[in-house]
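K.L.:
Sequence first, predicted coordinates after that:
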Amino acid sequence: MPEHDVISRVPKGVLVNGRSRPAARGGTLVVEDPATGEPLCEVADGTPEDGMAALEAAVAAQESWAATPPRRRGEVLRRAHDLLVERAEEFALLITLEMGKSLAESRAEVEYGANYLRWFGEEAVRIDGSWKVGEDGTARVLVTRQPVGPCLLITPWNAPLAMPARKIGPAVAAGCTMVVKPAPQTPLTTLALAELLGEAGLPDGVLNVVPTSRAAEVTEPLLRDGRLRKLSFTGSTPVGRLLLAQAAGTVLRTSMELGGNAPFIVCDDADLDAAVDGAMIAKLRNIGEACVAANRFLVHADVAEEFSEKLVARMGELTVGAGTDPACDLGPLIDQRQRRRVADLVDDTVVAGGRLRAGGVLPAGRGYFYPPTVLTDVPEGCRITEEEIFGPVAAIRTFTTEAEALRAANDTEFGLVGYLYTRDLDRALRMSERLETGMVGLNRGYVSDPSAPFGGVKQSGIGREGGDSGIDEYLEQKYVAVNVA
Ligand code: NAD
């Protein structure tokens, strides 16, 4: 499908109560193509009035949506899954155009997001409760679960379909209504997804979308409004902290999927080829712009040189280019600011004594491209090991003992995921238990599955998306004490 068709079909207004309309003050924000730096189109730039109108619509729709039979709610999600699969190419192109990743990666994201909708469609009919005899025998304990109520869902730009799908799926399944605030860089996919959910049968007002370039101005009044009952945020840890402070004002329930700083540990007994395969995925999926991206490679000193050489060779085979080019392996970074950050992190590491083994040079020409880069001999205490890189840069350090590897791996405020390569079962289990992370990739460079609880510990977040407990983030328990005379 020609690029302009896929963009022209997206409704570009603020979506309130099933109607796409211009922003209250008529403003627009420009969506850029990161492969060229050129504007793609303009989208309504939502204002605080639009945010409030969206909340009003969500509040108005809450009662009837909560009363809609679970099977019906589940069927909406299942239909949305099927429609997404049918239109995978269209959605993939949209993701690539506004976010930059290769079409192959965008197709994988569509499938991943659709799978979450299907999973939560199945969960809608499994919301359970319990009934038991109270401790002293005089009362019965009835426990039911009810939707939390209207939610604010704030999403990042790095997975413009998957991130909203992971929140909208459980909210819809649980019987919650919502206001979605997508990232200003990538509003198109979310707006198209909202339209598709409408086609799948989601009633007006259940899902409202406010694209805006003024996030805080739009979300603050909603967070102060007692009718909002839940905030689910995916984004950076600093913004997460700020939102948690605001949420304290109304003691709002929150789910936080925040930043990561994943260690990727390669032990001396690891299958090195498998570790390099895993590293390519853990480091380069989503151009390195993933919360679960391997950020710190910790490789046993005895195998570090061989691992580094193999990684350099594999990275050298990749083609960097526009995501729409079928030959492209690695698309551009999201914007100039992000590219500058990545380049600075690499330059600082080299100044501190790190060895540049591949990449590291900004390409000429337009677009926000950055080459796959490998740094070895990275000194302790470099910014690159403390901050989330969010780019295709592997920073490698060595270790000699298991205790040293664990100490280095856990020496971070983040705790989303850790990767571990070893062929020793005892060591695998021992180290997995001691990694201070919500998730571990054991001899695997990819974690995440709708049936698994995705989320972090420490400052990587609160709560889980997916798995048996994913829907709980959108449900309240109610205990009814029943008198039995
Ligand atoms: P960001 O925190 O800058 O923005 C995320 C969202 O919050 C955007 O929609 C943005 O407009 C909005 N926002 C920014 N400031 C705000 C404010 N003051 N009030 C309300 N909303 C505000 O993050 P980003 O750069 O878009 O995304 C990258 C970050 O997201 C990385 O740190 C990454 O690790 C994290 N992330 C985490 C997960 C996870 O599941 N743990 C998944 C994907 C991305």
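P.N.:
Done, it's in. Values in this document were obtained by computation on a predicted structure and should not be read as measured data.
K.L.:
Pop out the phi and psi values for residue 291.
P.N.:
Reported as degrees, to the nearest 10, the phi and psi values for residue 291 are phi -60, psi -30.
K.L.:
Could you check how many residues crowd around it?
P.N.:
29 (other Cβ atoms under 10 Å). From N, CA and C alone the C-beta is placed, and that goes for glycine too.
K.L.:
now swap in residue 249 and tell me
P.N.:
Other residues close to residue 249 by other Cβ under 10 Å number 11.
K.L.:
now it: how far from the ligand?
P.N.:
Distance of residue 249 to the ligand, computed by Cβ to the nearest ligand atom, to the nearest Å: 14 Å.
K.L.:
What score does that residue have for pLDDT?
P.N.:
At residue 249, the model reports a pLDDT of 97.
K.L.:
likewise residue 2?
P.N.:
The predicted local confidence for residue 2 is 66.
K.L.:
now the residue of the chain found nearest the ligand, nearest residue through space, not along the chain?
P.N.:
Per Cβ to the nearest ligand atom, residue 235 is where the chain lies closest to the ligand, at 2.7 Å. With sequence-adjacent residues excluded and distances taken as Cβ to Cβ, 6 or more residues apart in numbering, residue 235 is closest to residue 156, at 4.7 Å.
K.L.:
ok, that neighbour - contacts?
P.N.:
Neighbour list for residue 156: 163, 183, 234-236 [criterion: Cβ atoms under 8 Å, 6 or more residues apart in numbering].
K.L.:
For those, pick the one with the most neighbours.
P.N.:
residue 163 (29 neighbours).
K.L.:
Now that one: which helix or strand?
P.N.:
Using DSSP states H and E, residue 163 maps to helix 162-174.
K.L.:
Now stretch 66-74: buried residues?
P.N.:
For stretch 66-74, the neighbour count (16 or more other Cβ atoms under 10 Å) marks 66, 70, 73-74 as buried.
K.L.:
hmm, who's touching that stretch?
P.N.:
Stretch 66-74 has contacts (Cβ under 8 Å, 6+ apart) with 65, 120-125, 127, 146-147, 172-173, 175-176, 201, 203.
K.L.:
quick one: which two of the residues you listed are the most distant?
P.N.:
146 and 201 (22.1 Å; Cβ to Cβ).
K.L.:
okay but the residue of the chain closest to the ligand is in contact with residue 154, surely?
P.N.:
Yes: applying Cβ atoms under 8 Å, one finds residue 235 in contact with residue 154, separated by 6.5 Å.
K.L.:
and the chain, which residues reach the ligand?
P.N.:
With Cβ under 6 Å from any ligand atom as the criterion, the chain meets the ligand at residues 154-158, 163, 181, 183-184, 215-216, 219, 234-236, 239, 242-243, 257-260, 291, 388, 416, 456, 461.
K.L.:
hmm, which of these are the buried ones?
P.N.:
For the residues of the chain next to the ligand, buried by 16+ other Cβ under 10 Å: 154-158, 163, 181, 183-184, 215, 219, 234-235, 239, 243, 257-260, 291, 388, 416, 456, 461.
K.L.:
can you list the weak-confidence ranges in the stretch 151-300 of the chain?
P.N.:
Applying pLDDT under 70 to the stretch 151-300 of the chain flags no residue at all.
K.L.:
Helices of that one, start to end?
P.N.:
162-174, 187-199, 215-224, 237-248, 272-284 (DSSP state H, counting those that start in this stretch).
K.L.:
For the residue positioned nearest the centre of the chain, give me its contacts.
P.N.:
Against the mean C-alpha coordinate of the chain, by Cα atoms, centre = their mean, the closest residue is residue 163 at 4.6 Å. Neighbouring residues of residue 163 by Cβ under 8 Å, 6+ apart: 155-156, 234.
K.L.:
Just the closest of those to residue 340, please.
P.N.:
Closest to residue 340, out of all of the contacts of residue 163 and judged by Cβ to Cβ, is residue 156, at 18.6 Å.
K.L.:
The closest one and residue 190, how far apart?
P.N.:
Computed as Cβ to Cβ, to the nearest Å, the residue 156 to residue 190 distance reads 11 Å.
K.L.:
For the residue sitting furthest away from the middle of the chain, give me the pLDDT.
P.N.:
Going by Cα atoms, centre = their mean, the residue of the chain most distant from its centre is residue 485, 51.5 Å out. Model confidence at residue 485, given as pLDDT, is 79.
K.L.:
List the beta-bridge partners for residue 178.
P.N.:
Beta-bridge partners for residue 178, by DSSP bridges, are residue 151, residue 207.
K.L.:
how many neighbours does residue 247 have?
P.N.:
Residue 247: 20 neighbours (other Cβ under 10 Å).
K.L.:
Pretty sure it sits against residue 230.
P.N.:
No: counting by Cβ under 8 Å, residue 247 does not reach residue 230; the two are 9.4 Å apart.
K.L.:
got any residues that touch both of these two?
P.N.:
The contact sets of residue 247 and residue 230 overlap at residue 254 (Cβ under 8 Å, 6+ apart).
K.L.:
ok, the nearest residue to residue 371 once chain neighbours are set aside - contacts?
P.N.:
If the residues on either side of it in the chain are set aside, residue 371 comes closest to residue 359, at 3.8 Å by Cβ to Cβ, 6+ apart. Going by Cβ under 8 Å, 6+ apart, residue 359 touches 315, 346, 370-374, 392-393.
K.L.:
List just the nearest of those to residue 115.
P.N.:
For those, the minimum distance to residue 115 (Cβ to Cβ) is 25.8 Å, reached by residue 392.
K.L.:
was I right about the closest one contacting residue 370?
P.N.:
Yes: at 6.3 Å, residue 392 counts as touching residue 370 under the criterion of Cβ under 8 Å.
K.L.:
Return the subset of the buried residues of stretch 66-74 lying in helices.
P.N.:
Per DSSP state H, helices hold the following members of the buried residues of stretch 66-74: 66, 70, 73-74.
K.L.:
Pull the most distant pair out of the residues you listed.
P.N.:
Counting by Cβ to Cβ, the most remote pair of those is 66 and 74, 14.3 Å apart.
K.L.:
number of nearby residues for residue 324?
P.N.:
Neighbour number of residue 324 under other Cβ under 10 Å is 17.
K.L.:
Checking my notes, it in a strand, right?
P.N.:
No: Residue 324 is assigned coil when assessed by DSSP: H, G, I helix; E, B strand; the rest coil, not a strand.
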